[in-house]
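[1] Sequence and predicted structure, then a few things I'm wondering about:
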Amino acid sequence: MAVLREHPYGRFNFLVDLGSGNTEGPDAGFQECSPIGMRIAVAEYRNGNERENAPRKIPGLTRVPDITLKRGIVGSLTLFDWIRTVRDGAVDRRTVTIQLVAEDHSGPVLAWRLLRAFPVAYVAGPLDARGGDVAMEELTLSCERLELE
């Protein structure tokens with residue numbers, strides 16, 4: 001799916017599929033997505049009789065940091081229902097897909113797949129009677145693996 005071009009894509013058009021196949025409507029619309037990435041730990045090892053006075057570097061475990069999605073509160077219980085399911089003991093792991101879309105909305109140009117993802121935090125607010133901002137909610141996801149396509 002990755003579409004190569006000479007200048008970088010903007011970061012303001014993206015689609016989120018929370019494992020249902022739906023990227024349309026208020027349940028799938030998010031204002032912000034935290035950075036997506038992964039990190040491979042490095043294990044250092046050196047034999048006592050090595051000729052070099054430096055350790056070998058060996059790839060270790062791969063870790064994917066948690067990802068937070070933010071959206072305006074739209075009256076949908078979808079996000080809270082998912083975390084409630086996990087809280088109540090039934091781990092509902094899903095493949096969550098985040099797609100970057102071209103500026104002309106001609107379609108996705110890159111997709112990140114969060115494999116075996118499940119919610120680990122839900123936050124709503126803050127609420128402020130003097131403010132004029134949109135009421136927001138956040139869902140933080142943890143996943144076991146990241147794929148890019």
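    Thanks, I have it.

[2] can we go C-alpha only for contacts and neighbour counts from here?
    OK.

[3] which residue lies farthest from the center of the chain?
    Distance from the C-alpha centroid of the chain, by Cα atoms, centre = their mean, peaks at Asn49 (44.7 Å).

[4] Can you show me the strands along the protein?
    In chain order, the chain shows strands spanning 14-17, 32-33, 39-45, 56-63, 67-72, 94-101, 108-124, 136-142, 145-148, with DSSP state E as the criterion.

[5] picking that back up, got phi/psi on the residue farthest from the centre of the chain?
    Main-chain dihedrals, Asn49, degrees, to the nearest 10: phi -100, psi 20.

[6] Not counting sequence-adjacent ones, nearest residue to Gly37?
    Leaving aside its sequence neighbours, Gly37 sits nearest to Val64 (Cα to Cα, 6 or more residues apart in numbering; 6.2 Å).

[7] Need the pLDDT of the one you found.
    pLDDT for Val64: 98.

[8] re earlier: which of the strands of the chain sits closest to Asp88?
    The closest approach between Asp88 and any of the strands of the chain, judged by Cα to Cα, belongs to strand 108-124 at 12.3 Å.

[9] partner residues bridging the closest residue to Asn13 other than its chain neighbours?
    Leaving aside its sequence neighbours, Asn13 sits nearest to Val101 (Cα to Cα, 6+ apart; 5.2 Å). Legend: beta-bridge partners of Val101 under DSSP bridges are Pro108.

[10] With Met1 as the reference, measure out to Val101.
    Val101 sits 11 Å away from Met1, going by Cα to Cα, to the nearest Å.
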